[in-house]
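Asks: everything below, folded, please.
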Amino acid sequence: KVAVNSAALTNPAIIAEASAEFGNQCVVSAIDAKSRPGGATGWEVYVKGGRENTGVDLIEWVRQVAELGAGEILLTSMDKDGTRDGFDLPMLAAVCEAVNIPVIASGGCGDIGSITELFEQTDSDAALAASIFHYGEATVDQVKAELAANHIPVRQPRQLVHPVS
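Replies: Alright, predicted model coming up:
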């Protein structure tokens, strides 16, 4: 897979070209977004590692990247990233409603409960979590057990095929 972010805003055709060449399952549109300044409703897309506001409406952009052939979206909330205060559920719900491709939630995971809440309140397909694993606060198995306990489907790992000698 390849993820495109800032380059796609400069040249949206890169998504269509990559999708045509390699298939949309290989193209991930990585998007950094933040609430509109001044308390206005909605979110805007940022580039350059979340440092520069493009003024582009998030919902319009996700619809465009889906139409261009992105196979999934990796959506990072710049408002929540690093806060460990939970995912940006309203933003994620709006994006999931706007497109029919998988959405990976990023930014704000604080604990296992954040992940459970994400899947209970949005149609996100995956959760990106780092700190809870890096600092040994949870394991992948603990997250899977909590999701299963809350009746949230968990994909089982693929069985590795070992070559026969």
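
Asks: please, which helix or strand holds Glu60?
Replies: Using DSSP states H and E, Glu60 maps to helix 58-68.

Asks: which residues sit against that helix?
Replies: Contact with helix 58-68 is made by 8-9, 12-13, 15-16, 19, 29, 31, 33, 42-45, 73, 75, 91, 94-95, 98-101, as judged by CB atoms under 8 Å, 6 or more residues apart in numbering. In this view, the C-beta of every residue, glycine as well, is placed from N, C-alpha and C.

Asks: which strand residues bridge Leu75?
Replies: Ile31, Ala105 (DSSP bridges).

Asks: what pLDDT is listed against it?
Replies: Confidence at Leu75, expressed as pLDDT, is 98.

Asks: Gly39 too?
Replies: For Gly39, the model assigns a pLDDT of 84.

Asks: Lys1 touches Asn24, doesn't it?
Replies: No. With contacts defined as CB atoms under 8 Å, Lys1 does not count as touching Asn24, sitting 10.5 Å away.

Asks: and the helix holding Glu60, how far out from the chain's middle?
Replies: 14 Å (CA atoms, centre = their mean, to the nearest Å).

Asks: average pLDDT for it, rounded please.
Replies: Rounded mean pLDDT across helix 58-68 is 98.

Asks: and it, what's buried?
Replies: For helix 58-68, the neighbour count (16 or more other CB atoms under 10 Å) marks 58-59, 61-62, 64-66, 68 as buried.

Asks: list buried residues within the contacts of helix 58-68.
Replies: Looks like those have 8-9, 12, 15-16, 19, 29, 31, 33, 43-45, 73, 75, 91, 94-95, 98-99, 101 buried, using 16+ other CB under 10 Å.
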